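Asks: sequence and predicted model, in that order:
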Amino acid sequence: MSEYTEQAEKFLTDHKLTFRAVYVGEDCPTFCDDAAKGDALIVGTFPRKNHIHGSHWRLTLSGEGRGHFTIDFWDSYRDAEIRHIRKTGEVRYSDQARRLGLEPGATRFEISRKYKTDPTPNAYDMLACIEKSEPGTFEDFCGDFGYDTDSRRAETVYQAVVKQYRQLARFLSDEELSEAQEIN
């Protein structure tokens, strides 16, 4: 277990929280330009044609007597690709094999030996990626993340970040939120 994973697990234990990751599917997040392109993408095949996000997960923190906090999360393209290869036993392309440190035509045994577990998101993945600080003004947000202040998409993203932060701030105490900010 990495020091980052240990840090997240300690946070959960210290605050009596439970983490759960539920696989949703291979759909695209709203920011993906391929989401509405029909067969521009064949789900579950790699390499994918025009985007680099991974699989869709629903990640939840819960605590007795306080309810839960849930986010939609897309993991990395690499993790989705490893899950697909472990499931099918197929390494189809030499560049795919090279990217994953495998030989083209690697056997299921070789794949399983190199990647012993499926890369399922963990508590650290969630705690590191959620917005744990007040997002500030729309203009500040755009400046910090390189968005155009005239963009409707940027405004939609900003509103989603503000909503997520407010939900988290209601779920965690001020002390817990401050401690969570240290998890990067």
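Replies: Happy to help now that I have it.
Asks: mind listing residues that contact the longest helix anywhere in the chain?
Replies: Taking DSSP state H as the criterion, the chain has its longest helix at helix 152-171. If you take C-beta atoms under 8 Å, 6 or more residues apart in numbering as the criterion, helix 152-171 is touched by 30-31, 61, 63, 66-69, 71, 130-135, 138, 141-142, 147-148, 177, 180. Heads up, the C-betas are built off the backbone N, CA and C, glycines and all.
Asks: can I get the helix or strand of the chain with the lowest mean pLDDT in CSV, CA atoms only?
Replies: Here the helix or strand of the chain ranked lowest by mean pLDDT, DSSP states H and E is helix 94-100, holding a mean of 73. Output in CSV follows, covering the C-alpha atoms of helix 94-100 (Å, rounded to 0.1, in the frame of the first residue of the first chain):
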residue,chain,number,x,y,z
SER,A,94,2.2,-3.6,-30.3
ASP,A,95,1.9,0.0,-29.1
GLN,A,96,-0.7,-1.1,-26.5
ALA,A,97,1.7,-3.8,-25.3
ARG,A,98,4.6,-1.4,-25.1
ARG,A,99,2.5,1.2,-23.2
LEU,A,100,1.6,-1.5,-20.6
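Asks: give me the buried stretch members for it, please.
Replies: Within helix 94-100, the residues that count as buried by 16 or more other C-beta atoms under 10 Å are 96-97, 100.
Asks: for the residues you listed, which one is nearest residue 83?
Replies: Closest approach between those and residue 83, by C-beta to C-beta: residue 100, at 11.7 Å.
Asks: and the nearest residue to residue 67 once chain neighbours are set aside, how far is that from residue 122?
Replies: The shortest distance from residue 67 to any non-neighbouring residue, by C-beta to C-beta, 6 or more residues apart in numbering, is to residue 171 (7.0 Å). Going from residue 171 to residue 122 by C-beta to C-beta, to the nearest Å gives 19 Å.
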